[in-house]
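Q: predicted model, plus sequence, below.
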Amino acid sequence: MRSVLMSTAMLFCVNYVFAQGPQAEPQVNKPGAVMPAQPGIGQRGLPYGIHSQPLADVAPDTPVVTLEGVCDHTQVSRTKTCKTIITRAQIDSMVEMVTPGASPDARRTFAISYARLLAVSSAAERQHLEKDPAVAAVLQEQLKILRMRLLTNAFYHHMEEDAANVPASEIQKYYTEHKANFEEGEVWRLSIPRSALTTGHLNLALDASDVKVRMDELVKRAASGEDFNQLQQEAYTMFGITTEPPTLKASMLRRTSLRPMESRVFDLAVGQVTQMIDSPDGFVLLKLESKQNVPIELAQPEIMPILQQLRKAEKLQSAAKDVTADFNLAYLGIPTAPELFPPQAPTQESTSRATPPEARPRSPLRRRMPMGGQGMRGFPPPQ
């Protein structure tokens, strides 16, 4: 569920969850499921004077960071020693969640930044800072937001998974009910540009009745089986069009690829022609040369996205039917109420970009805890 993890990373600079191992003496804490920092967090991770070097190719279970004295203090007596081990596999897993294929520098920086977070947060726990009213208030507020964010993304992730698993029976049902949409065939197309039918473009002045007679003649000759290229040439001559007529050939078309009036050619029997159709760019005469249905196997890639969107829309409608919201449109400065259940999951990133910096909530801890809300940038550089 990469979308869930990335959304959480946007909400917090780094958010981690430990998978606690069995109690032992000394206790070793191995974080198995964690939330890495956003790309760019911990830009001061490398000690000064150390330039980029390739990472050593070590076994996945090789420790990358071993922190003595850092562990889950809720389960370990203060008198016991403990340590946390972070392996290469864990570092790789955390980095791949957010930035697949990250560079060695990014992985190196992340390992250092993550170790610092563990060390400093452990020190804060030893001082029981979580009991400080200001700290506790922010923790409670952000954990509430985090919970809503995770549940929101879990909802959309589940919706996407459910929509992707379209049963074959639904595909067959849609194909049967919309079979006309999957008709295709070879179609001849004769056209007369509308601009050519004005008096100024005719060698002879023709009234509406003359134009109709000549077009009816073309339809009759096409229905009798005359060659469409020959009829196209004579149509240009008949209406005084001096430009070279296009060379025609039967094109393989779908009913859905034609304009509504022109798509009626598929209602005809093979070999029949339409009447002269008044189209926006001129007059068109069509002949159905062949007709067949696209096999369901070839139509399936076209049907699947349609059904997936329908399934997602149904799930959103079902969720929204029991929830209503009355937005103060004047306060929000918007003309209409926004959707509570948009097609895509709302993200912290989109919220932040839409909110001016001065309007975003400020943490009451910033004066007391410089690193609050700024990720690793709040830590002093290494000595």
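A: Happy to help now that I have it. Residues are numbered from 1 along each chain as shown.

Q: now do the buried residues in the longest strand seen in the chain.
A: Counting residues, the longest strand in the chain under DSSP state E turns out to be strand 183-193. Under the neighbour-count criterion of 16 or more other Cβ atoms under 10 Å, strand 183-193 has 183-192 buried. All C-beta atoms are positioned from the backbone trio N, CA, C, and that covers glycine.

Q: and stretch 276-294, by the same measure?
A: By 16+ other Cβ under 10 Å, the buried positions in stretch 276-294 come out as 276-277, 283-289, 291, 294.

Q: ok, then the element right after the longest strand of the chain?
A: helix 208-223 (DSSP states H and E).

Q: so where do the helices sit in the stretch 151-300 of the chain?
A: 168-177, 208-223, 228-238, 296-320 (DSSP state H, counting those that start in this stretch).

Q: which residues touch Tyr175?
A: For Tyr175, the contacting residues are 182, 296, 299, 303, by Cβ atoms under 8 Å, 6 or more residues apart in numbering.

Q: can you list these in CSV and add pLDDT and neighbour count?
A: Formatted as CSV, the contacts of Tyr175 follow (pLDDT from 0 to 100; neighbours: other Cβ atoms under 10 Å):
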residue, pLDDT, neighbour count
Phe182, 95, 19
Ile296, 95, 16
Ala299, 95, 18
Ile303, 96, 20
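
Q: what residues are up against Tyr174?
A: Tyr174 touches 303, 306-307, counting by Cβ under 8 Å, 6+ apart.

Q: who does the longest strand of the chain pair up with?
A: If you go by DSSP bridges, strand 183-193 pairs up with strand 251-254 (antiparallel), strand 282-288 (antiparallel), strand 292-293 (antiparallel).

Q: element containing Leu67?
A: strand 63-68.

Q: that strand: what's the following helix or strand?
A: The first helix or strand that comes after strand 63-68 along the chain, using DSSP H and E, is strand 82-87.

Q: that following strand - contacts with which helices or strands?
A: Judged by 3 or more Cβ pairs under 8 Å, 6 or more residues apart in numbering; DSSP states H and E, the packing partners of strand 82-87 are strand 27-29, strand 63-68, helix 104-126.

Q: pick the one among the buried residues of stretch 276-294 closest to His157.
A: When the buried residues of stretch 276-294 are compared for distance to His157 (Cβ to Cβ), Val294 wins out at 32.8 Å.

Q: what about the nearest residue to the closest one once chain neighbours are set aside, distance to Ile171?
A: Sequence neighbours aside, Phe182 is the residue nearest to Val294 in space, at 4.3 Å (criterion: Cβ to Cβ, 6 or more residues apart in numbering). Going from Phe182 to Ile171 by Cβ to Cβ, to the nearest Å gives 12 Å.

Q: quick check: neighbours shared by these two?
A: By Cβ under 8 Å, 6+ apart, no residue touches both Phe182 and Ile171.

Q: contacting residues around stretch 223-233?
A: By Cβ under 8 Å, 6+ apart, stretch 223-233 touches 188, 190-191, 218, 221-222, 245-248, 271-273, 285, 287.

Q: pick the one among those closest to Leu329.
A: For the contacts of stretch 223-233, the nearest to Leu329 is Ser191 (49.9 Å; Cβ to Cβ).

Q: hang on, the earlier thing: closest one to His128 out of the contacts of stretch 223-233, please.
A: Distances from His128 to the contacts of stretch 223-233, taken by Cβ to Cβ, are shortest for Ser191, at 83.2 Å.

Q: where does the prediction get shaky in the stretch 251-383 of the chain?
A: Along the stretch 251-383 of the chain, segments meeting pLDDT under 70 span 347-383.

Q: buried residues in stretch 337-346, which are they?
A: By neighbour count with 16+ other Cβ under 10 Å, stretch 337-346 contains the buried residues 341, 345-346.

Q: any idea how far Asp61 is from the closest residue to Trp188 other than its chain neighbours?
A: Using Cβ to Cβ, 6+ apart and skipping residues adjacent in sequence, the residue nearest Trp188 is Lys287, 4.1 Å away. Using Cβ to Cβ, Lys287 is found at 72 Å from Asp61.

Q: ok, and the closest non-adjacent residue to the residue nearest the centre of the chain?
A: In the chain, the centroid-proximal residue (Cα atoms, centre = their mean) is Gln344; its distance is 7.4 Å. Counting by Cβ to Cβ, 6+ apart, Gln344 lies nearest to Tyr156, which is 7.3 Å off, once chain neighbours are set aside.

Q: rewinding a little: reformat the contacts of Tyr175 as JSON lines; add distance to Arg126.
A: Below are those laid out as JSON lines (distance: Cβ to Cβ, whole Å):
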{"residue": "Phe182", "distance to Arg126": "69"}
{"residue": "Ile296", "distance to Arg126": "66"}
{"residue": "Ala299", "distance to Arg126": "65"}
{"residue": "Ile303", "distance to Arg126": "60"}
